[in-house]
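[1] Model the following, please.
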Amino acid sequence: MKSKSRSILILSILFGYILLQFLWWEVLLVKQNDKIIGEKQKLVELMSTNEVQLKEDIAILHHKKKMQTVMIVSEGTVFLLLLLFGVYRIKVAYDKELFLNNQQKNFFLSITHELKTPIAATKLQLQTLQKQKLNENVQQELIANALLETERLNMLIDNVLFASRLEADEFIAKFEKQNLSILIDAILKRYYKNEINKGELSFNITPEVFHEIDSNSFPSVITNLIDNALKYSFPKKEVLLELENKNGMPFIKVSDNGCGISDSDKTKVFTKFFRAGNEETRSTKGTGLGLYIVNYILNKHKATIKIKDNIPNGSIFEIQFYEV
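    The predicted model follows:
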């Protein structure tokens, strides 16, 4: 931040110096023009013997003086506008470069944290199995936890790879009619068994809700929304997913009781790598890719997603499908 402020200060001083120099040169040109016209007028007065002709010559000189002054001011104004536009473009480019650098920094910080956490947890569980003689039930619990961490690590890598495919415009959706009720129920029970058992995640799924979806990408919509809701729900996690038919089309709602999303960030959260706050001080995990992927996939499905405040605390993500 100090580097940015220093750069802006230097740029402002440089621009101010150029502007003052330019205005000074323009004033000097106008004064020089007045002086030249004045000397010409004196010369005409000395040489002329015809009073009528003298008045005409002086009028011509004053007109010429006025035209040259207008020309100097006009050309100066155009130059000043071009200078202002150039400075503006430089600032836009600088801000964009700074934003991209911050995005890259935040992404590497977050992805490192995201990768280390499941790897460290899995390593600890496997070391425990290796070094201690445990009964069958404890062994199975440790193995299940290790597999769960591996599954989540795989989901993270899939998100990064999927985002790379989107960036390269390599994603192709294949739509087939699916029973969303069965599909979403299976996704929740596969990835969030522990959260469901703890009461942190509940769901209300209307049976027999059908729609044409891409079965390869659509699960990412559910997992990213649930992960996001669980991540930002504290101190007590209470996430609810609902599926129903609304106006004859699928309608999905994910509600949480977390910290919520400010109005200014509601449109930014679907931007790639965007995360509110500073990555070095943020305690919650994440890469800033989840909601970006959600929004992209839903656009391909001709679906809309909206964010609302969950009174008194938290957020509500609403997804409305339309005809593909």
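
[2] quick one: the helices in the stretch 1-150 of the chain?
    2-47, 51-131, 136-167 (DSSP state H, counting those that start in this stretch).

[3] Just put those helices in TSV and tack on mean pLDDT, distance to residue 291 and mean neighbour count.
    The C-beta positions use only the backbone N, C-alpha and C, and glycine is treated the same way. TSV is the format used below for the helices of the stretch 1-150 of the chain (pLDDT from 0 to 100; distance: least, Cβ to Cβ, whole Å; neighbours: other Cβ atoms under 10 Å):
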stretch	mean pLDDT	distance to residue 291	mean neighbour count
helix 2-47	73	27	12
helix 51-131	75	14	13
helix 136-167	77	11	15
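
[4] Mind checking these for the one nearest to residue 306?
    Smallest distance to residue 306 across these (Cβ to Cβ): 21.4 Å, for helix 136-167.

[5] residues near residue 289, how many?
    Residues lying near residue 289 (other Cβ atoms under 10 Å) number 25.

[6] Go ahead and confirm it touches residue 159.
    Yes. Contact criterion Cβ atoms under 8 Å: residue 289 and residue 159 qualify, at 5.0 Å.

[7] Setting aside sequence neighbours, what's the nearest residue to the residue nearest to the spatial centre of the chain?
    In the chain, the residue lying closest to the centroid (Cα atoms, centre = their mean) is residue 271, at 3.6 Å. Of all residues not flanking residue 271 in the chain, residue 292 sits nearest, at 6.4 Å (Cβ to Cβ, 6 or more residues apart in numbering).

[8] sec struct for the one you found, please.
    helix (DSSP: H, G, I helix; E, B strand; the rest coil).

[9] before we move on, back to that, just the element for the residue nearest to the centre of the chain, please.
    Element membership for residue 271 (DSSP states H and E) is empty, with no helix or strand holding it.

[10] For it, report the pLDDT, please.
    Residue-level confidence at residue 271 comes out at 80, pLDDT.

[11] I'd like to know how far it sits from residue 223.
    20 Å (Cβ to Cβ, to the nearest Å).

[12] quick one, what contacts the residue nearest to residue 271?
    Neighbour list for residue 292: 163, 270, 271, 272, 273, 274 [criterion: Cβ atoms under 8 Å, 6 or more residues apart in numbering].

[13] So what's the gap between stretch 141-149 and the chain middle?
    35 Å (Cα atoms, centre = their mean, to the nearest Å).

[14] Got the domain ranges for the chain?
    With domains defined by automatic domain parsing, the chain comprises 2-103, 109-167, 176-320.
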